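Undergrad: for reference, the sequence and a predicted model appear below.
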Amino acid sequence: MKRLMSLSAVAGRNTKSRKRNRTEPFSRRDCEPSSPCYVIPDWSSKVTGRLLLPPASLTGPSVWLLNDLQKEGYLIDIGAKGRRLTRKADLVKRWTERYPQQLRPKLLLARYSSRKSDWWKDAHLERFGAFWGGEVAAAKLTQYLRPGVKTIYAAKAILEVQARYALTKDPNGDTEILKTFWAFENESARNEIVPPLLVYADLIASGDDRNLETAEIIYDTQISRFLGEPSTI
């Protein structure tokens with residue numbers, strides 16, 4: 001089946017009631033991390049013809065999101081065939097810019113320091129339902145980077161990992177655990193890695209020159225090849 005890009009999100013609820021003063025995707029400060037205001041393109045999705053949201057979730061922020069995307073020219077109504085994403089490269093750029101500003105700070109669960117800088121090489125996250133992001137994920141995908149910061153995405157802080165690898169809580173530590181927020185399975189998960197776009201966004205957010213070089217590799221090898229395809233949701 002032809003590979004398509006679909007917008008995927010965790011169905012959430014906007015817990016604050018505020019009047020909307022403007023339309024701009026990915027910029028609502030009153031959305032919780034579980035809200036569909038924060039979406040991530042799922043490069044590996046083979047599901048077509050629908051938005052990956054649980055039933056009855058297309059209310060509130062979900063509808064706002066679709067309306068915003070359409071008004072901004074990212075979503076085209078093609079009648080009986082559904083809606084098609086367009087200007088995908090620009091959409092990726094917008095999402096990448098918004099993610100570290102609007103969502104990432106809300107996801108941090110804990111930071112730790114580690115005695116061994118390469119402890120991640122022996123760590124297996126699969127049994128904890130956790131995934132590598134940022135520099136470790138980039139190192140696994142490209143073999144180009146020596147990770148400094150170790151980024152883990154998980155549903156909660158993983159005490160077993162903390163104990164096994166002698167991680168100690170440290171607000172300035174080199175290991176961070178962030179909360180997962182997407183609602184789809186992706187091919188990279190088989191290698192304990194978050195979706196490639198999230199790896200890319202983590203690297204860009206760091207501002208580190210070596211990370212920015214690696215981000216370009218991730219974009220060229222993992223992301224750009226999907227941007228020219230028509231994608232229907």
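TA: Done, it's in.

Undergrad: and the helices in the chain?
TA: 61-71, 88-98, 104-107, 134-142, 159-164, 196-206, 209-218 (DSSP state H).

Undergrad: quick one, which of these is nearest to Lys81?
TA: helix 61-71 (15.1 Å; Cβ to Cβ). Every residue, glycine included, has its C-beta placed from N, CA and C.

Undergrad: CA atoms of the closest one as CSV?
TA: Taking Å, rounded to 0.1, in the frame of the first residue of the first chain, the C-alpha atoms of helix 61-71 are listed here in CSV:
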residue,chain,number,x,y,z
PRO,A,61,-9.5,21.6,19.8
SER,A,62,-9.7,18.9,17.2
VAL,A,63,-12.2,20.8,15.0
TRP,A,64,-10.2,24.0,15.6
LEU,A,65,-7.1,22.3,14.4
LEU,A,66,-8.7,21.1,11.1
ASN,A,67,-10.2,24.5,10.5
ASP,A,68,-6.9,26.2,11.2
LEU,A,69,-5.0,23.9,8.8
GLN,A,70,-7.6,24.5,6.1
LYS,A,71,-7.6,28.3,6.6
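
Undergrad: what is that helix packed up against?
TA: strand 75-77, strand 83-85 (3 or more Cβ pairs under 8 Å, 6 or more residues apart in numbering; DSSP states H and E).

Undergrad: deepest of these, which one?
TA: The highest mean neighbour count among those, using mean count of other Cβ atoms under 10 Å, belongs to strand 83-85: a mean of 19.

Undergrad: which elements pack onto that one?
TA: Using 3+ Cβ pairs under 8 Å, 6+ apart, strand 83-85 sits against helix 61-71, strand 75-77, strand 231-232.

Undergrad: and of the helices of the chain, who's closest to His124?
TA: Per Cβ to Cβ, nearest to His124 of the helices of the chain: helix 159-164, 9.5 Å.

Undergrad: report the buried residues of that closest one.
TA: For helix 159-164, the neighbour count (16 or more other Cβ atoms under 10 Å) marks 161-162 as buried.

Undergrad: contacts for that helix next, please.
TA: 112, 123, 125, 128, 130, 152, 167 (Cβ atoms under 8 Å, 6 or more residues apart in numbering).

Undergrad: using JSON lines, lay out these together with neighbour count and pLDDT.
TA: Below are these laid out as JSON lines (neighbours: other Cβ atoms under 10 Å; pLDDT from 0 to 100):
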{"residue": "Tyr112", "neighbour count": "21", "pLDDT": "96"}
{"residue": "Ala123", "neighbour count": "18", "pLDDT": "91"}
{"residue": "Leu125", "neighbour count": "18", "pLDDT": "91"}
{"residue": "Phe128", "neighbour count": "17", "pLDDT": "88"}
{"residue": "Ala130", "neighbour count": "21", "pLDDT": "92"}
{"residue": "Ile152", "neighbour count": "28", "pLDDT": "96"}
{"residue": "Leu167", "neighbour count": "23", "pLDDT": "94"}
